[in-house]
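Peer 1: I would like to see how this sequence folds:
(chains A and B)
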There are 2 protein chains.
Amino acid sequence: MKLTPHILTLLLAWALPSLALADPLPSWNSGAAKQAILHFVQKTTDPDSKDFVPPQERIAVFDNDGALWPENPLPFQLAFTLDELRRRLPEEPAWKDDSAVQAALAGDVPALLADHYKALSRIIELVGSGMTTEDFAARVRAWFSTATHPRFKRPYDQLAYQPMLEVLEFLRAHGFKTFIVSGGGADFLRVFTEKTYGIPPEQVIGSNTRAVFELRDSGPVLLKTMNNLFMDDGPGKPEAIHQFIGRRPIACFGNSDGDKAMLEYTTISNPHPSLGMIVHHTDSEREYSYDADAKSSGKLVAALAEAPKRNWIVVDMKTDWSTIFTK
Amino acid sequence: MKLTPHILTLLLAWALPSLALADPLPSWNSGAAKQAILHFVQKTTDPDSKDFVPPQERIAVFDNDGALWPENPLPFQLAFTLDELRRRLPEEPAWKDDSAVQAALAGDVPALLADHYKALSRIIELVGSGMTTEDFAARVRAWFSTATHPRFKRPYDQLAYQPMLEVLEFLRAHGFKTFIVSGGGADFLRVFTEKTYGIPPEQVIGSNTRAVFELRDSGPVLLKTMNNLFMDDGPGKPEAIHQFIGRRPIACFGNSDGDKAMLEYTTISNPHPSLGMIVHHTDSEREYSYDADAKSSGKLVAALAEAPKRNWIVVDMKTDWSTIFTK
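Peer 2: Have a look, this model is predicted:
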């Protein structure tokens, strides 16, 4: 048989796994991280593989700030909160005498974070409670439609990481159910996750409080309160995964020590094969560079140290990603 | 043109809506309830209908006890709890001196329910905390594989209502996402809902507590506690729907006053068309007959009185259902 180019193509198509024919992760440079994602999805979804995982068990969890979009110079929800504080200040004269408000208006982040985030919690209470969930969502939507990121000069919800959007899409195309498990507020996240990440509200786990049901003349509402505040961070993440999902994930993507517990929950002694991945911010030119020295959010020390022992893949943003943001 | 049988069939297929060709609800007798379900699904899923609802907004919520399976002579989770108490009694000698245990072993339901379910909560704490979530699930599975219902002489998880299974399947076949919103414990429900109802754990909302994450030598576990007990009943149901789903349902199926608030949340001033339905237990021969006089669970007075005003459909189990249980 003469090996014409046509026959060669056919042979290649037959010999290579179908994944190789079209690159599902074009914004990932060739390397260990990209290879790990491709290999994991291939082996867990091939019915003939010993590592096959039934579709209903294919749960993938993603941190948000620093894992799916930036968290600098401030986490975006904090930027919203400060903007909202300024916007409403004229109609809330009592706020000016509040020391937490003063710290916020002065941009004094250390003061906001001191004493277990006491002043920050107060600001979040002022801006994020006492209205209905629909009112709050409308305010968040209005902010996204007007505010722009100070460095990248784009609306905040157009700053998703293109390589991570490709991972989300690739996983879903292979029967995975993708969830966000974020320290951010669920009511804030749910305004944009469906449009930005293709993740519907019912697959968004975030920090949350208990809203109170009221049947008003105008119809039923849920009134936002600060009752039963739950911070979805650290060990709270696997605890919330159990509460909301009720199954152990097989893939977990994070970027900070706040994701360590959910990485452990996903990958240690899991009866299924599993994938743990840490986005390491190493690109000060195109995005930011930080780990132990993170300022307001995203400190990465313990999880990075644990990565080799647990076989967690550390993504080097600078070398692994050919593109950072969506077009 | 001669109307041969073949042409007649073609004409009929063209003239009738596709729903009419095969009955998706064969265990429902013809009547207003069946018609309401068929009509609601038809109009919300027909892209040419003014009542069309996009697939991602097609959220349907179902109570469990009394709506998807019986709640007599005791709610099934209470039967499990009492059986489990008896099973573990020999290894827990201290329990015998506990007044709540004594009430439970004597079958003294009023004593268990008195004082805001104080004794019942104590029993649930003894049987349902202090072990890992996996241990608890294994115990529930073991119970389902051995216990049988005292009247129907079948394993409890083979007592789902056939007509409701048909509704679940019919809705899902038309792009609805089906959720359970139950006063029962989420960790109990999630053991059987996927197999019994086709509803995966992540679409099960129930009463819940906060499990605590621990990384043990054997791997990560979640330890069941009684911390942050949340009772998913009454106004708690719409509150939990917001917390877990983050969207308003457009269809709601309940059977008791504990479902009234979520029926209101679903149907009053909803920008989308909506369906509210109450299963009325009217069949003492084939199942049970109760409403205001419900003994331990399922009291139905206020929601039944509100039904006409809200256009909630009341299902008369005796006349609307041709079959009660799965085969």
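
Peer 1: show me where the stretch 151-300 of chain A has helices.
Peer 2: All helices of the stretch 151-300 of chain A, identified by DSSP state H, counting those that start in this stretch, fall at A:162-173, A:186-189, A:193-197, A:236-244, A:260-267.

Peer 1: quick one: which of those helices is nearest A:Pro220?
Peer 2: When the helices of the stretch 151-300 of chain A are compared for distance to A:Pro220 using C-beta to C-beta, the nearest one is helix A:186-189, at 16.7 Å. All C-beta spots, glycine's among them, are computed from the backbone N, C-alpha and C.

Peer 1: what about that closest one, near chain B?
Peer 2: Yes: residues of helix A:186-189 are located near chain B by C-beta under 8 Å from any C-beta of the partner chain, namely A:Ala186, A:Asp187.

Peer 1: Residues contacting that helix, please?
Peer 2: The contact list for helix A:186-189, computed with C-beta atoms under 8 Å, 6 or more residues apart in numbering or on different chains, reads A:64, A:77, A:80, A:128, A:133, A:136-137, A:140, A:180, A:182, A:204-208, A:224, A:232, B:243, B:246.

Peer 1: Tell me where the model's unsure across the stretch 151-300 of chain A.
Peer 2: Per-residue confidence for the stretch 151-300 of chain A (pLDDT under 70) gives no ranges below the cut-off.

Peer 1: Around chain B, which positions in it sit nearby?
Peer 2: Close to chain B, as judged by C-beta under 8 Å from any C-beta, the stretch 151-300 of chain A has residues A:177, A:179, A:186-187, A:190, A:194, A:200-204, A:208, A:210-213, A:215, A:218-220, A:222, A:228, A:230, A:235, A:238-239, A:242-247, A:261, A:264-265, A:268-270.

Peer 1: Tell me the buried residues within those.
Peer 2: A:177, A:179, A:186-187, A:190, A:194, A:200-204, A:208, A:210-211, A:213, A:215, A:220, A:222, A:230, A:235, A:238-239, A:242-247, A:261, A:264-265, A:268, A:270 (16 or more other C-beta atoms under 10 Å in any protein chain shown).

Peer 1: Phi and psi next, for the residue nearest the centre of chain A.
Peer 2: Of all residues in chain A, the one closest to the mean position by C-alpha atoms, centre = their mean is A:Asn64, 1.4 Å from it. Backbone geometry at A:Asn64, expressed as degrees, to the nearest 10, gives phi -100, psi -70.

Peer 1: Distance-wise, check the nearest residue to it once chain neighbours are set aside relative to B:Phe136.
Peer 2: Spatially, and ignoring its direct neighbours in sequence, A:Asn64 is nearest to A:Ser182 (3.8 Å; C-beta to C-beta, 6 or more residues apart in numbering or on different chains). The spacing between A:Ser182 and B:Phe136, counted by C-beta to C-beta, to the nearest Å, is 27 Å.

Peer 1: Pull the residues that contact the helix or strand containing A:Ala103.
Peer 2: Secondary structure assignment for A:Ala103, by DSSP states H and E: helix A:99-105. Contacting residues not belonging to helix A:99-105 are listed as A:81-82, A:85-86, A:89, A:95-96, A:111-112, A:118-120, A:122-123, A:126 [C-beta under 8 Å, 6+ apart].

Peer 1: Keep only those of those residues that are also close to chain B.
Peer 2: Of the entries in those, not a single one is placed beside chain B under the rule of C-beta under 8 Å from any C-beta.

Peer 1: From A:Leu189, how far out is the residue nearest to the centre of chain A?
Peer 2: Distance, A:Asn64 to A:Leu189, by C-beta to C-beta: 6 Å.

Peer 1: Need the residues touching each of the two.
Peer 2: In the contact map built from C-beta under 8 Å, 6+ apart, the residues linked to both A:Asn64 and A:Leu189 are A:Ile180, A:Ser182, A:Gly206.

Peer 1: Which of those fall within strands?
Peer 2: Under the assignment DSSP state E, the shared contacts of A:Asn64 and A:Leu189 contribute A:Ile180, A:Ser182, A:Gly206 to strands.

Peer 1: tell me which of those residues is nearest to chain B?
Peer 2: Using C-beta to the nearest C-beta, A:Gly206 comes nearest to chain B of these, at 9.6 Å.

Peer 1: Look at the closest one and say how many residues are nearby.
Peer 2: Counted with other C-beta atoms under 10 Å in any protein chain shown, the burial measure for A:Gly206 works out to 24 neighbours.

Peer 1: shouldn't it be in contact with A:Val191?
Peer 2: No: applying C-beta atoms under 8 Å, one finds A:Gly206 not in contact with A:Val191, separated by 11.2 Å.

Peer 1: where's the residue nearest to the centre of chain A relative to chain B, distance?
Peer 2: 15 Å (C-beta to the nearest C-beta, to the nearest Å).

Peer 1: ok, that residue touching A:Thr178?
Peer 2: No: under the criterion of C-beta under 8 Å, A:Asn64 makes no contact with A:Thr178, lying 11.8 Å away.

Peer 1: before we move on, the earlier item: elements contacting the following helix or strand past the helix holding A:Ala103?
Peer 2: Scanning forward in sequence from helix A:99-105 by DSSP H and E, the next helix or strand is helix A:109-128. Packed against helix A:109-128, as judged by 3 or more C-beta pairs under 8 Å, 6 or more residues apart in numbering or on different chains; DSSP states H and E, are the following elements: helix A:76-88, helix A:99-105.

Peer 1: For B:Pro73, which of these is the nearest?
Peer 2: Among the helices and strands packed on helix A:109-128, the nearest to B:Pro73 by C-beta to C-beta is helix A:76-88 (50.1 Å).

Peer 1: and that closest one, which residues are buried?
Peer 2: Buried-residue list, helix A:76-88, by 16+ other C-beta under 10 Å: A:Phe76, A:Gln77, A:Leu78, A:Ala79, A:Phe80, A:Thr81, A:Leu82, A:Glu84, A:Leu85.
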